[in-house]
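**Student:** Here is the input, now give the coordinates:
(one chain, ligands or ions: 2)
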Amino acid sequence: MMEKLLEVKHVKKYFEIGKKQFLKAVDDLTFDIYKGETFGLVGESGCGKSTAGRLMMGIYTPTEGQILYGGKDIHVLNERERFLMKRNVQMIFQDPYASLNPRSTVREILAEPLEVHGIFKNKREELERIYELLEEVGLNREHAGRYPHEFSGGQRQRIG
Ligand SMILES: Nc1ncnc2c1ncn2[C@@H]1O[C@H](COP(=O)(O)OP(=O)(O)OP(=O)(O)O)[C@@H](O)[C@H]1O
Ligand SMILES: [Mg+2]
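**Tutor:** Numbering: from 1, shown residues only. Ligands and ions are numbered 1, 2, ... in the order given. Sure, this is the predicted structure:
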């Protein structure tokens, strides 16, 4: 049987926008995500996708409903459990040029989460893993020393 990773159960997020006035950003959202599954959430602008994402990351607390990760309600995790969950649940932002630190090299950017989570005991192992990750996505170790703008896709085209 497929393993359920994330369960979103009747989740609501209402923002108070005035005296007793609420904006229903997410209103009764329910779905499951299974291990190995790619799950897409599509909808018009303002329908609540980003709010749903922030709820699933634990950044927002639901007004109502529950979000379970590995069977555990993510809003009742203690600090340690929340920290461990973040090894597995992370945001990837749409625009790398806006979300990556332009003053950090690719190696520094990739090293930071590995160091925060204490994944490797020494720098050599960490660097090997960084090279391996670059190769996994079709880059190579020479790219580790580059800054985010030093890629051929780096000349962003402005639309409009
Ligand atoms: N912190 C907030 N306080 C008040 N209202 C909010 C807040 N965050 C989002 N909203 C409102 O909640 C609704 C859903 O917003 P959300 O950003 O989740 O939509 P979205 O589906 O991600 O849109 P887009 O496709 O444009 O990114 C919108 O009406 C938005 O204005
Ligand atoms: Mg959005």
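**Student:** CA atoms only: put the helix or strand encompassing Tyr14 into CSV for me.
**Tutor:** In the assignment (DSSP states H and E), Tyr14 maps to strand 4-18. What follows is strand 4-18, C-alpha atoms only, in CSV (Å, rounded to 0.1, in the frame of the first residue of the first chain):
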residue,chain,number,x,y,z
LYS,A,4,0.6,8.7,3.0
LEU,A,5,3.1,11.5,3.5
LEU,A,6,0.9,14.6,4.0
GLU,A,7,-2.8,14.8,4.9
VAL,A,8,-4.7,18.0,4.6
LYS,A,9,-8.1,17.7,6.4
HIS,A,10,-10.8,20.3,6.1
VAL,A,11,-8.3,23.1,6.5
LYS,A,12,-9.5,26.7,6.6
LYS,A,13,-7.5,29.9,6.9
TYR,A,14,-9.4,33.1,7.5
PHE,A,15,-7.5,36.4,7.8
GLU,A,16,-9.1,39.2,9.9
ILE,A,17,-9.1,42.2,7.6
GLY,A,18,-11.3,44.5,9.6
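**Student:** hmm, that strand touching ligand 1?
**Tutor:** Yes. Judged by Cβ under 6 Å from any ligand atom, strand 4-18 comes into contact with ligand 1 through 15, 17. The way it works is simple: take the backbone N, C-alpha and C, and place the C-beta from them, glycine included.
**Student:** thinking Leu114 is in contact with Leu127, fair?
**Tutor:** No. Look at Leu114 against Leu127 with Cβ atoms under 8 Å: they stay out of range, at 9.9 Å.
**Student:** what's in contact with the strand holding Tyr14?
**Tutor:** With contact meaning Cβ atoms under 8 Å, 6 or more residues apart in numbering, strand 4-18 is reached by 22-35, 37, 48, 51-52, 55-56, 60, 62-71.
**Student:** near ligand 1 too, which of those?
**Tutor:** Residues of those in contact with ligand 1 (Cβ under 6 Å from any ligand atom): 23, 25, 48, 51.
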